[in-house]
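In: sequence below, structure please.
(one chain, ligands or ions: 3)
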Amino acid sequence: MIDVFNWQINRKMKYTYESPAPQKQFAAVFDINKCIGCQTCTITCKTSWTTGRGQEYMFWNNVESKPYGGYPLYWDFKLLEKIGGGKWNAGTYEGKTIFEKAAEENKNVEGFLPDLEDWSYPNMGEDEIYGGSVNKGMHINSLPHPIWFYYLPRLCNHCSHPACVANCPRQAVYKRPEDGIVLIDQSRCQGYRQCVAGCPYKKPMFNATTYRSEKCVACYPKVEQGLHTQCMEHCIGKIRMQGWISPPDAPKADNPIDYLVHVKKLALPLYPQFGTQPNIYYIPPIHVPTPYLKQMFGPGVEQAIKVYKEEVHNDPILKGLLVLFGSAPEIMTKFDVKNDVALGYDSKGTLVAQAPITEPNVVRESYDKARDAYRLDTP
Ligand code: SF4
Ligand code: SF4
Ligand code: SF4
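Out: Ligands and ions are numbered 1, 2, ... in the order given. Have a look, this model is predicted:
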């Protein structure tokens, strides 16, 4: 074990080996407030990558309803219990990461292998409300809501300190130096399932037909062409912005991911206390009580919700960037806002998206003089 700096927990931590930063790091931001749980992302990944034998149960992308859902069952609660919850002091994590907890017993990673049964209920808890039920005539007009649930879309986080890499005895799991994407070399894998046990997010999955482990490949053939992955491109709710993240001490204000994560601190990592420095970031749902969100996204939750509630209407740059989510098949590495229009550029500097920040408001009269016709759908 050696010391590496993990900016998400604001301190050094023990990790299995030195993990040099890749030339660039695959990353994405998901605005949970906009997710409608339609599972289009799940199905587009399924039909693209996991239609073969042994892959029937696999959902490399899944969307679970929180607080009750989980695929595999209770993946998060089980691990939180093992590392002892998690203690934060302001922005610094003082509890143990999965690597530090494991080191106490001379292991690489604290983890567990889910049972076969645990993978069998991907929709468990779907749309189940926490805190009561919706009664007839119920009306909620305050934030956070007294009763709530929300959708959490998940895929491999292509972590900066990946537990799957640390735990593989065959060095079959590796992080690509050119883009930080984490892959499993199928010719080296011997099906020991140590990546499955080690990944805190339970994103590698075992194929009993090929006797190999598999995982999200970040749709690398598309990413290599500067295109969004399947699950990002086809997101119906346009909740996803994919791109490249810079180190926190060198953010680029015109990079969409940097702006949301480092500059505005609006998007937060999922369970940063695990210690893998995940690279999928979430804008937390503003209708959910903060204690629940804090255990999931860390201490930055209150600030992120404040920014979302206050600045999203007043800051034209932020408003413009949020409008650009899901607006082009190409990865936008730069953005700008001019004259009430948000502009997105690819890595070559080509304009690939433009969207008005304010949509025109068209009033349709009930009687259309030009056509001498009445419209029945207007007041
Ligand atoms: S989410 Fe899991 S499988 Fe993906 S890189 Fe991180 S540790 Fe590995
Ligand atoms: S990035 Fe590609 S492989 Fe990974 S979950 Fe999304 S669609 Fe599936
Ligand atoms: S496609 Fe988008 S809106 Fe639909 S469930 Fe997936 S992340 Fe949510």
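In: what about the longest helix in the protein?
Out: Determined from DSSP state H, the single longest helix within the chain is helix 301-314.
In: contact partners of the helix or strand following that one?
Out: Following helix 301-314 in sequence order, the next helix or strand is helix 316-324 (DSSP states H and E). Helix 316-324 is contacted by residues 31, 241, 256, 259-260, 264, 266, 307, 311-313, 332, 335, 337, 340-342, 344, 353, 355-357 when judged by C-beta atoms under 8 Å, 6 or more residues apart in numbering. Where you see a C-beta, it was placed from the backbone N, CA and C, and this is true even at glycine.
In: number of nearby residues for the closest residue in space to E94 that isn't next to it in sequence?
Out: Distances taken as C-beta to C-beta, 6 or more residues apart in numbering place K87 nearest to E94, at 4.6 Å, with adjacent residues excluded. A count of nearby residues for K87, using other C-beta atoms under 10 Å, gives 11.
In: what score does K87 have for pLDDT?
Out: Per-residue pLDDT puts K87 at 91.
In: write out the residues of the stretch 101-250 of the chain neighbouring ligand 1.
Out: Contact residues (C-beta under 6 Å from any ligand atom) of the stretch 101-250 of the chain with ligand 1: 156-159, 162-164, 182, 199, 201, 203-204, 215.
In: adding secondary structure and neighbour count, write those out as CSV.
Out: Below are those laid out as CSV (DSSP: H, G, I helix; E, B strand; the rest coil; neighbours: other C-beta atoms under 10 Å):
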residue, secondary structure, neighbour count
C156, coil, 24
N157, coil, 26
H158, coil, 27
C159, coil, 27
P162, coil, 29
A163, helix, 30
C164, helix, 30
V182, strand, 26
C199, coil, 31
Y201, coil, 21
K203, coil, 23
P204, coil, 27
K215, coil, 22
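In: quick one on the thing from earlier: mind giving me the ChimeraX command for buried ones among the contacts of helix 316-324?
Out: Buried residues among these (16 or more other C-beta atoms under 10 Å), as a ChimeraX selection:
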select :31,241,256,259,260,264,266,307,312,332,335,337,342,344,353,355,357
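In: shouldn't P247 be in contact with A21?
Out: Yes: counting by C-beta atoms under 8 Å, A21 is a contact partner of P247 at 7.0 Å.
In: which stretches in the stretch 201-350 of the chain count as strands?
Out: Using DSSP state E, counting those that start in this stretch, the strands of the stretch 201-350 of the chain run over residues 205-207, 212-214, 240-245, 268-269, 280-283, 334-338, 341-345.
In: for R364, which of those is the nearest?
Out: strand 341-345 (24.6 Å; C-beta to C-beta).
In: which outside residues touch that closest one?
Out: The contact list for strand 341-345 (C-beta under 8 Å, 6+ apart) reads 256, 320-321, 323-324, 327-328, 332-337, 351-357.
In: what of stretch 23-33?
Out: Contacts of stretch 23-33 (C-beta under 8 Å, 6+ apart): 150-153, 158, 160, 177-181, 218, 223, 232, 239-245, 256-257, 260-261, 267, 279-286, 308, 322, 325.
In: give the buried residues for it.
Out: K24, Q25, F26, A27, A28, V29, F30, D31, I32, N33.
In: how many other residues sit next to whichever residue of the stretch 1-150 of the chain sits closest to ligand 1?
Out: Closest approach of the stretch 1-150 of the chain to ligand 1 (C-beta to the nearest ligand atom) occurs at V109, with a separation of 8.7 Å. V109 has 28 neighbours, counted by other C-beta under 10 Å.
In: ok, now the one 4 residues further on?
Out: Using other C-beta under 10 Å, L113 is surrounded by 13 other residues.
In: how about the most centrally placed residue in the chain, nearest residue that isn't a chain neighbour?
Out: For the chain, the residue sitting closest to the mean C-alpha position, by C-alpha atoms, centre = their mean, is I280 at 3.7 Å. Nearest non-adjacent residue to I280, counting by C-beta to C-beta, 6+ apart: N157, 4.8 Å away.
In: do the same with I98
Out: Excluding the flanking residues, the one nearest I98 by C-beta to C-beta, 6+ apart is E110, at 4.4 Å.
In: got the contact list for that neighbour?
Out: Per C-beta under 8 Å, 6+ apart, neighbours of E110: L79, K82, I83, I98, F99, K101, A102.
In: one more: K252?
Out: S246, D258.
In: repeat that with 10 Å
Out: W244, I245, S246, D258, Y259, H262, V263, T333, K334 (C-beta atoms under 10 Å, 6 or more residues apart in numbering).
In: next one: it from K24, what distance?
Out: 12 Å (C-beta to C-beta, to the nearest Å).
In: do D31 as well
Out: 23 Å.
In: report the buried residues of stretch 276-290.
Out: Quick answer for stretch 276-290 (16+ other C-beta under 10 Å): 276-288.
In: go on, stretch 40-60?
Out: Buried residues in stretch 40-60 (16+ other C-beta under 10 Å): 40-42, 44-46, 48-50, 54-55, 57-60.
In: check stretch 170-190 too.
Out: Buried-residue list, stretch 170-190, by 16+ other C-beta under 10 Å: A172, V173, Y174, K175, D179, G180, I181, V182, L183, I184, C189.
In: nearest to ligand 2, of these?
Out: I181 (9.1 Å).
In: can you report phi and psi for that closest one?
Out: phi -70, psi 140 (degrees, to the nearest 10).
In: in the stretch 1-150 of the chain, which spans are helices?
Out: In the stretch 1-150 of the chain, the helices defined using DSSP state H, counting those that start in this stretch lie at 40-49, 75-83, 98-103.
In: mean confidence score for the second one?
Out: When pLDDT is averaged along helix 75-83, the result is 95.
In: from here on, count from 51
Out: Done: numbering now begins at 51, and the last item shifts to helix 125-133.
In: what lies in contact with that helix?
Out: 114, 116-117, 120, 122, 124, 136, 145-152, 160-162, 164, 168, 202, 204, 249-253, 320-321, 323-325, 345-346.
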